[in-house]
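> how does the following fold in three dimensions:
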Amino acid sequence: MSCYLSAGAVAMVLLTKTIIRNRKDKQFLPAARQLGDGTEVEDPYGNIAAIKPGFPMQQEQRPRKSEFEGAGLSYRTRKSGDRLGFFDRRQE
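Numbers count the residues shown, from 1 in each chain. Coordinates of the predicted model:
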């Protein structure tokens, strides 16, 4: 009986961790794909008529979504998993 309870507990932990990891990955949008206000970043070479040889490209300032969010892409540099996550270390 306790074997079934242990197996059920382990299965629930693995299922919960998988659901949480999938939600985090779904919510993450890199700054290269989307700005904080929801507008798409346009390609500077998309309109060839706007390119002026010898002049620098326009540097766009990307605003932060909030004052608490950093400017870098710290999501990808974070170590995945947690103290109990022996099997969910991603090999990237």
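
> can you tell me the average pLDDT over stretch 58-71?
Across stretch 58-71, the average pLDDT comes to 64.

> which SSE is P56 in?
Applying DSSP states H and E as the criterion places P56 outside every helix and strand.

> try R21
helix 2-27.

> that helix: which residues count as buried?
When neighbours are counted by 16 or more other C-beta atoms under 10 Å, the buried residues of helix 2-27 are found to be K17. (C-beta placed from N, C-alpha, C; glycine too.)

> show me the contacts for K26.
Going by C-beta atoms under 8 Å, 6 or more residues apart in numbering, K26 touches no other residue.

> now it: how far from T18?
Computed as C-beta to C-beta, to the nearest Å, the K26 to T18 distance reads 13 Å.

> also M57?
Taking C-beta to C-beta, one finds M57 at 42 Å from T18.

> got any ranges where the protein has weak pLDDT?
29-42, 44, 60-92 (pLDDT under 70).

> one more time with 50, if that's ok
92 (pLDDT under 50).

> wait, what's in contact with D25?
Contacts of D25 by C-beta under 8 Å, 6+ apart: none found.

> now it: how far from I48?
Taken as C-beta to C-beta, the span from D25 to I48 is 36 Å.

> how close does M57 sit to N47?
Using C-beta to C-beta, we find M57 at a distance of 12 Å from N47.
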